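> requesting a structural model of the entry that follows:
(chains A, B and C, ligands or ions: 2)
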Amino acid sequence: QEYTFKLHHFLSANSPTHTDTVAPWARAVEEASGGRVKIEIFPSMTLGGRPPELVQQARDGVVDIIWTVNGYTPGQFPRTEVIELPSVFVNDVTAANLALSEMFESDLAEEYKGLEVMFLHVHAGQAIQMRDTEVRRPGDLAGKKLRIPTRTGAWVIEALGASPVAMPVPELPPALQKGVVDGALIPWEIIAPLRLEQQTDYDIEGADKERLGTTAFQMSMNAARWAELPDDIKQAFRDASGPEWLTEMGRVWRENDDKGIEMAVAAGNTHITLTEEETQAFRDAVAPVVDRWIEEVSGAGIDGAALVEKARALVKEHASAQ
Amino acid sequence: MIDDPILFGSAALGLLVLLIAIRMPIAYAMILVGGIGVMLVNGSALVLNQLKTLAYGQFSIYDLSVVPMFVLMGALASHAGMSTALFRAANAWLGRLPGGTAMAAIAGCAGFGAVCGSSLATASTMGKVALPELQRAGYDGALATGTLAAGGVLGILIPPSVVLILYAIIVEANVVTMFAAAMLPGLLAVLLFLGVVALYATLRPAAAPRGGALPAGELREASLGVLPVLAIFGIVLGGIYGGLYNPTPAAAVGVALVWLYGALRRRIGWAELGAALRETAGTAGMIYLILLGAELMKIFMSRIGLPQATADWILASGMAPMTVMLLLLAALIVLGCLMDSLSMILLVIPFFWPVLTELNGGLYTGPEGAFGMSTEELKIWFGILALIVVELGLITPPVGMNVFVISSLAPGVPMGRTFRGVLPFFGAELLRVAILLALPGLTLWLPRLLAG
Amino acid sequence: MSASASRTGLPLAVERAATLWAMAGGALLLLVVAINVASVIGGLFGKPFAGDFELTEVGTAVAVFAFLPFVQITDANVSADIFTQRAPVRLVAAFGLLAALVAMAFALLLGWRMYLGMLDQKSYDYTTAIVQFPHWIAFLPILASIALLALCAAVTAAERLARIAAPGH
Ligand code: NA
Ligand code: NA
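Ligands and ions are numbered 1, 2, ... in the order given. Model (predicted):
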């Protein structure tokens, strides 16, 4: 191989994200390059440091490529946060991925200094997973401690009268087990790798799989490394990261999400799908989060209202059959 | 040589041993070898850039914040006279037996292990408490320091255990299950250690002067004196198991309660608080620097692909599953001579576990697996075995962290004598590994019971 | 462990500074303890302490960095004496000099790199998630700790050099 890349991320080699998205993407790039590219994947932070350091590792060229959660470095990617907001993201992963891709050059690129973004994507959406609390109304969450990786998620939790706790996802099972947190806002997909069904009793989502926003992820390369690549190699990365791939990611996340909740139900968990009326109560409760975000980013000179409008329109335009 | 991971890795490990042999502090030896190793493989820019955030990231790991707190709690406890109370009680009951004071030290380590997730913290805290008592009782230096270095291992073997939590996360096992699995093997360790002390004291009575039986009144007084200690430990432990808080807030509550206890008894004033903080500074700073060195070593080994090269070689060799298991455990013992358990688990398990999974027939294999159990149970069994052998590294030369910690507390006892004193306990641990290998049911009984 | 009895002048001043600085770190550790106790008590009454996780992380990190100069000046690092127990005093002092020089070089290197790290943290606006505390502020006391560590290593190096040069061994 002429071009070797080290890809670093924080999940284990057994996680669905590693086996179903990170590894297949790397293989697709290698194939598209006609075998001239080799991507070595280092899971579980084996190249050192903690998950929040990944972005800086890519910026500094400590590693070549990272896959990470944008929210682990709060305040770094404020524009991209628009996709995480409840009512911007509702239940359609593929549409959100494609919306991010279309907005990237015009609206988001400037906040990825020192990085060359391969693609951005979201997960299936924040569902409520509780240790021992049955939740049907926002009031049921009052005073509870919920884990969340992002600040937009923290605002959602505060809007629901609960208290946010930020921690990397691998720390969640012991935190649930010991009652450090009462629950989490997190998709079903994570149930299988972390065996969350063993720590929780209740899994709650809105009508028609509606979720309380989502989380943005990035696959990014060190910018200098990218700049020195010849055009045909760059093209191999682009080919492997286009709309087809983003659609496939949406499908895989949806599928793994369904598998996760099946597993939890099989283990005896209660899967609550809120009625339309109950879902509306949650929508009303978290509506102020969008305004809070618009106000927050306006401090950085960002027109949040315009971004919200644009993102909503693009998500709608790309709406896929659920 | 750089292209051959196994050769290059071995050379680097050799250099590490050499540096340690010429009294380079273990932390700086690892920083030096790890840092220079990565420079040789990937260039100096990479190391320089990683150093911008690495130390801050490592020092701010939430799960580690429990270490300085438990060290502080132990330091305050000894200034508060609590440790003496604890020791008097244990000694009042066990002192009559051959090697009774050392047995009390083992019992103390086991008790402390039930609230502390770290071997080094257990060794240093209980060492500070028990070592002066053993010396006062006239115990032989080798037995006294050896007992405490070995007893410190119970800090990890008895849940809660930071290493076990990390293992569970890496292999995606349930933490409660892993804690349950560690229970019987942990008790077995306590029994075997007590047996070692009894045997030692019987064979060499001069090394372990026998205490006389106490008058009934004193026995009762010593026992009552330990009640506040038990209450505080109960609140700390009860809070963890009752789901009130995790080990860090638990340790914080423990620090506050011990301080209050000492202040109320007028044993802890500003001077004692200052002394406790100085002890905490020395011990915690030393441990964190080692963790930083271990992280650099891990980065170096990952970058040359040493763990992966070993895994590939094992899978290609066509060895029998049990042979591979024994080899992996042996490799962990050897590595344990050089590295700390936390880093070893973080470095090696992500590469060892997939090998065992493949050998057993895949991630979803049932009881018909090659190891005679499902992969889910193999995960639990291997985890406990790995935990034990990884902890063995803490008491084996040339680099036995527990021995170092205890040695620093006992300036009068040369380290070689401590290693000699620890040898019988090492033998007991090998016996325990053999028992657990032969009888997987011992590890799996409680998890199976809990699973129904 | 403590060499204060024999230290005078500048070395003594450095040792006192390292001890005071470690005490300041200890005070910060006590603050982290207080935050966690407040969080536990608040949790009992349904009012958890927002951001206790991240404040514990940052506070402990800053405290532990403040301990490092004290570790160096009191020689609290673990090392193995097993192979060199019978070595001549001067040779052991030479090994000690090497260790102190490595510590000093590492402290200087780390200080330089973490200074640049601080600039990164500042220019990219890295903050904690919930209370949005800017990480670069934590780097200020940490850089002071590392500078003091380098100074302590220089003092220990000079002391060991003096031991090698001293007549009568
Ligand atoms: Na323990
Ligand atoms: Na060892």
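> so which elements touch the helix or strand residue B:47 falls within?
Element membership for residue B:47 (DSSP states H and E) is helix B:44-50. With contacts taken as 3 or more Cβ pairs under 8 Å, 6 or more residues apart in numbering or on different chains; DSSP states H and E, helix B:44-50 sits against helix A:54-60, helix B:26-42, helix C:89-123. Every C-beta, even on glycine, is put in place using the N, C-alpha and C of the backbone.
> now that helix - C-alpha only, PDB.
The C-alpha coordinates for helix B:44-50 follow below in PDB (Å, rounded to 0.1, in the frame of the first residue of the first chain):
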ATOM      1  CA  SER B  44       9.100  13.000  17.400                       C
ATOM      2  CA  ALA B  45       6.400  15.400  16.200                       C
ATOM      3  CA  LEU B  46       3.800  12.900  17.100                       C
ATOM      4  CA  VAL B  47       5.000  12.400  20.700                       C
ATOM      5  CA  LEU B  48       5.400  16.100  21.200                       C
ATOM      6  CA  ASN B  49       1.900  16.700  20.000                       C
ATOM      7  CA  GLN B  50       0.300  14.000  22.100                       C
END
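> counting by contacts, list what whichever helix or strand comes after that helix packs against.
Tracing the chain past helix B:44-50, the next element assigned as helix or strand by DSSP H and E is helix B:54-59. In terms of contacts (3+ Cβ pairs under 8 Å, 6+ apart), helix B:54-59 is packed against helix B:270-304, helix C:52-73, helix C:89-123, helix C:135-165.
> lowest mean pLDDT across the helices and strands packed on helix B:44-50, which one is that?
Taking the average pLDDT of each of these, the minimum falls on helix B:26-42, with a mean of 92.
> returning to what we had before: please identify which of the helices and strands packed on helix B:44-50 is closest to residue C:60.
Shortest distance between residue C:60 and the helices and strands packed on helix B:44-50, using Cβ to Cβ, is found for helix C:89-123: 16.8 Å.
> burial of the closest residue to chain B within the stretch 201-322 of chain A, as a residue count?
Scanning the stretch 201-322 of chain A for the residue nearest chain B gives residue A:222, at 10.2 Å (criterion: Cβ to the nearest Cβ). Counted by other Cβ atoms under 10 Å in any protein chain shown, the residues lying close to residue A:222 total 22.
> re the thing from before, CSV for the helices and strands packed on helix B:54-59, including distance to ligand 2?
Putting those into CSV (distance: least, Cβ to the ion, whole Å) gives the following:
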stretch, distance to ligand 2
helix B:270-304, 12
helix C:52-73, 21
helix C:89-123, 20
helix C:135-165, 26
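> which of these sits most buried?
Taking mean count of other Cβ atoms under 10 Å in any protein chain shown as the contact definition, the stretch among the helices and strands packed on helix B:54-59 with the greatest mean neighbour count is helix C:52-73, which reaches a mean of 27.
> output the contacting helices and strands for that helix.
The elements that helix C:52-73 packs onto, with contact taken as 3+ Cβ pairs under 8 Å, 6+ apart, are helix B:54-59, helix B:66-79, helix B:270-304, helix C:9-44, helix C:135-165.
> what's the average pLDDT for it?
If you average the per-residue pLDDT over helix C:52-73, you get 96.
> just stretch B:233-243 next, same as before
If you average the per-residue pLDDT over stretch B:233-243, you get 70.
> go on, stretch B:151-162?
Across stretch B:151-162, pLDDT averages out at 77.
> and the residue nearest the centre of chain C?
residue C:68 (1.8 Å; Cα atoms, centre = their mean).
> wait, doesn't that one sit right on residue C:146?
Yes: checked against Cβ atoms under 8 Å, the pair residue C:68 and residue C:146 is within contact range at 7.4 Å.
> need the contact list for the residue nearest to the centre of chain C.
Contact analysis of residue C:68 by Cβ atoms under 8 Å, 6 or more residues apart in numbering or on different chains lists B:285, B:288, B:289, C:145, C:146, C:149.
> how close does the closest residue to the third one other than its chain neighbours sit to residue B:396?
Translated: residue B:289. Using Cβ to Cβ, 6 or more residues apart in numbering or on different chains and skipping residues adjacent in sequence, the residue nearest residue B:289 is residue B:27, 3.9 Å away. The gap separating residue B:27 from residue B:396 is 19 Å, by Cβ to Cβ, to the nearest Å.
> how far does the helix or strand that contains residue A:24 sit from its chain's centre?
Counting by DSSP H and E, the element that carries residue A:24 is helix A:23-32. With Cα atoms, centre = their mean, to the nearest Å as the basis, the distance from the averaged C-alpha position of helix A:23-32 to the chain average is 21 Å.
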